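Peer 1: Here is the input, now give the coordinates:
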Amino acid sequence: MKKTKVQLFGNFGIAMLLVAFAVACRYIIMTAEGLSPFADKLLNYIRIFIYIGMLSVWGVSVSRRVIQKSVRRMLIVISAVMVLWLVVREFRFRYVISPEAIRLLWYAYYIPLLVIPLLALFIAVCAGKGDDYILPKPIWAFCIPTGALLALVLTNDIHQFAFHLNSSAPRSDVDYGYGWLYYAITVWVYFCSLLAFAIMLKKFRLPKSRRNKWMPLLPVAFAIIYGVLYAARAPFIINYVGDITVVFCLVFAGFFEICIESGLIQSNSGYSYLFTSSKNIPVQILDNSLNVRYAASASEKIEVENIKKALKSPVILNDGKRLHAMPVRGGYAVWTEDISELLNVREILTERGEELSERAEFLKLEYKKEEEHRTVAEQNRLYDLLQRKTQSQLDMLDSYVQKYRFAESEGEKQRLLAQIVILGTFIKRRKNFVLTMENAASFPEALLQSAIAESFSALSQLNIRGSYFVYTGREEISGEILSLAYDFFEDVIEAVFDSARYINFRFCEVNGKIRISILTDFEGDFSPLLLKYPSLVTVFDDGTQFILEPKGGDNNE
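Peer 2: Numbers count the residues shown, from 1 in each chain. Purely as a prediction, here's the structure:
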C-alpha cells in the first residue's frame with residue numbers, strides 16, 4: 001500500500017512539474033521583453049506539446065486501466081476531445097489569419113466544453129454496470145439542451161446571445177461582452193459536472209477509500225472558482241493562468257483521474273495492494289517472459305516448465321494442487337487450486353470403483369451360472385414334459401424295435417417298420433406341440449392340419465387309407481385343444497392300425513362347439529379309449545365312429 005501511494009504521489013508530482021514548466025513557458029512568453037520569434041515559438045511549442053502529451057498519455061493509461069468497456073471508451077473519447085480542443089486553440093492563435101475563421105474556432109471551443117460534462121454524466125450512470133448496459137432514455141434527454149446550447153453558440157454571429165461583439169467591421173473576439181447564453185452554458189456545464197459527481201458519489205461502495213470520496217470535488221470546486229474569476233477578468237488569472245482551454249482540460253482530466261484512484265471508476269490498478277492483501281488467493285501475474293511481477297502472499301514458487309504446460313491445460317502438481325494459467329494483457333495470470341480433498345475423494349472413488357467392478361464381475365459370473373442352471377432346469381422340465389406326453393409311444397417304439405430285430409419274414413418287418421414310422425412321426429410332432437405351447441396359448445388350426453397330414457402319410461405305409469378335414473373358421477384355437485385332438489387321433493390309430501383298413505378324421509365346428517370325429521372300420525375292443533376319454537361317444541353305423549367334444553371348445557368362450 002505504501003508503494004502504491006509513493007507511486008501515485010510520484011506521478012502526481014511529475015504532472016505538477018510538467019504543468020509548472022508549461023506555466024513558466026507561458027509566463028516568459030507573456031512578460032519577457034525583446035524575446036526573439038524563434039524563442040517565442042519554441043517555448044510555445046514546448047508548452048503545447050507538454051499538455052497534448054500529458055493528455056495523450058493519460059488517454060492511453062485510461063485504456064489500459066479502466067475495466068468497464070463503455071466507461072473506458074467514453075474516457076478515451078474525452079481524452080481525444082481535449083487533445084482536439086488544444087489543437088483548435090493552437091490553430092486559432094498561431095496559424096489562422098482570417099477573422100471569421102478565428103471567430104469560428106473560438107466558438108468551436110464550446111464543443112468539447114459542452115460534450116465533456118455530458119460524457120462525464122454518462123460515465124457516472126454507466127459506472128459499475130455490465131458491458132451490455134444501455135443508458136436509460138431520461139439520461140439521453142440531456143443531449144437535447146446540450147445540442148441546443150451548442151447550436152446557439154456556433155451561430156452567435158447571427159443573434160449574439162453568447163457574446164456581444166463589437167459592431168465595427170470586421171467583428172473581432174478582442175472586444176466583446178457576455179450574453180445570457182454564456183452564463184446558461186456555464187450553469188449547464190457545472191450542473192452536468194456536479195450531477196455526475198453526485199451520481200458517482202452515491203455509487204461509492206469501497207470501504208478502504210471512503211475517506212477519499214470527497215477528493216473528486218476538489219477539481220470541480222477549482223473549476224467553479226476559476227470560471228468566476230475568469231469571467232470577472234481577474235488580473236492574476238488573466239496574466240498567469242489565462243489559458244481557459246488548458247485549465248479546463250486539466251480540471252476534467254484531474255477529476256476523472258481522482259475518480260479512478262479513489263474507486264469511483266473501477267480500474268485494474270493497485271495490484272500491489274491487492275496481491276499483498278490476498279492471503280488466501282495463491283495467484284501471480286507474470287510478464288510475457290514469465291517473470292513474476294505481482295504475487296500474493298499465499299502464492300508459491302512455480303517451475304517455469306509447469307507454467308508452460310498450464311498454458312495449454314491445467315497441471316496437477318505433486319502437492320495435491322492444480323495449476324491454472326491464462327493470458328492477460330501484457331503477460332499471464334497464474335494461480336493454484338488446492339484439490340487435495342478432491343484427489344482423496346477420487347482415490348476413494350477409484351478404489352470403490354474397482355471393488356464394484358470386481359463385484360460386478362462376480363455377479364456377472366454368478367448370473368451366468370444361474371442362467372446356465374435355469375437353462376438346464378428348463379431343458380430338464382421340457383424333457384420331462386415330453387417324456388410324460390410321449391412315454392407310452394416311446395415304450396411301444398422300443399417294443400416294436402425289439403420285435404423288428406427278431407422278425408423273420410420280410411412282410412412282418414415291413415409292417416413293424418411302418419408302425420415305428422407312425423410312432424416316430426407322432427413323437428416328433430407332439431414335441432413340436434409341447435415346445436410351441438411354451439411361447440403361446442393359442443395357435444392357428446394349420447398346426448394341427450400339418451401334423452395330421454404327416455401322420456396320414458405314415459399310415460399309407462400300412463395300407464390304411466383315409467382322409468382328414470380340419471376347419472373351424474376360427475383364427476386361433478387353444479393349444480390344449482389342438483394337442484388333445486392330436487393325442488386322440490394317435491390313440492385311435494394305435495388301437496386300430498393292426499386291423500383297420502381306413503380312417504377318416506374330422507376337426508370342425510358343429511353348433512358352435514369344436515367336434516373331433518374319427519370314422520374307422522375297426523370293430524375290436526375300444527374300452528381303453530373309453531377309460532382315457534370318458535366323454536367319448538361311439539356310433540356304430542357302417543363302421544365305428546368316435547366323437548369327442550373337448551371342454552373349452554365353445555365359440556363364446
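
Peer 1: how about the strands in the stretch 101-250 of the chain?
Peer 2: 163-165, 176-178 (DSSP state E, counting those that start in this stretch).

Peer 1: what's the answer for the chain, then?
Peer 2: 163-165, 176-178, 283-287, 292-295, 315-316, 321-328, 331-338, 442-443, 465-471, 477-478, 502-510, 513-520, 537-540, 544-548 (DSSP state E).

Peer 1: what about those, which gets the closest to residue 19?
Peer 2: Evaluated over the strands of the chain, closeness to residue 19 peaks at strand 176-178, with 27.7 Å, by CB to CB. All C-beta spots, glycine's among them, are computed from the backbone N, C-alpha and C.

Peer 1: just the strands of the chain: most buried one?
Peer 2: strand 513-520 (a mean of 22; mean count of other CB atoms under 10 Å).

Peer 1: contacting residues around it?
Peer 2: Defining contact as CB atoms under 8 Å, 6 or more residues apart in numbering, one finds that strand 513-520 is touched by 472, 477, 481, 484-485, 488-489, 492, 496, 500, 502-509, 543-550, 553-555.

Peer 1: Now the strands of the stretch 101-250 of the chain in a markdown table, please, with extra columns for distance to residue 439.
Peer 2: Shown next, in a markdown table, are the strands of the stretch 101-250 of the chain (distance: least, CB to CB, whole Å):
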| stretch | distance to residue 439 |
| --- | --- |
| strand 163-165 | 109 |
| strand 176-178 | 110 |
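
Peer 1: Make CSV out of these and add distance to residue 446 and mean pLDDT.
Peer 2: Formatted as CSV, the strands of the stretch 101-250 of the chain follow (distance: least, CB to CB, whole Å; pLDDT from 0 to 100):
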stretch, distance to residue 446, mean pLDDT
strand 163-165, 116, 80
strand 176-178, 118, 78
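
Peer 1: Would you agree residue 489 is in contact with residue 456?
Peer 2: No - with contact defined as CB atoms under 8 Å, residue 489 does not reach residue 456; the gap is 9.7 Å.

Peer 1: Just the C-alpha atoms of stretch 303-318, please, in CSV.
Peer 2: Output of stretch 303-318 as CSV, limited to C-alpha atoms (Å, rounded to 0.1, in the frame of the first residue of the first chain):
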residue,chain,number,x,y,z
GLU,A,303,8.6,-24.0,-12.1
VAL,A,304,8.6,-22.4,-15.5
GLU,A,305,8.1,-25.7,-17.2
ASN,A,306,4.9,-26.3,-15.3
ILE,A,307,3.6,-22.8,-16.2
LYS,A,308,4.2,-23.5,-19.9
LYS,A,309,2.3,-26.8,-19.6
ALA,A,310,-0.5,-25.0,-17.7
LEU,A,311,-0.9,-22.5,-20.5
LYS,A,312,-2.2,-25.5,-22.6
SER,A,313,-4.2,-27.3,-20.0
PRO,A,314,-4.3,-27.3,-16.1
VAL,A,315,-1.5,-29.3,-14.5
ILE,A,316,-1.7,-31.4,-11.4
LEU,A,317,1.3,-30.7,-9.0
ASN,A,318,2.8,-33.2,-6.6
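
Peer 1: List the buried residues for it?
Peer 2: 306, 307, 310, 311, 315, 317 (16 or more other CB atoms under 10 Å).

Peer 1: gap between the second one and residue 414?
Peer 2: It refers to residue 307. Distance, residue 307 to residue 414, using CB to CB, to the nearest Å: 100 Å.

Peer 1: and what of the fifth one?
Peer 2: Distance, residue 315 to residue 414, using CB to CB: 92 Å.

Peer 1: again with the third one
Peer 2: Counting by CB to CB, the gap between residue 310 and residue 414 amounts to 95 Å.
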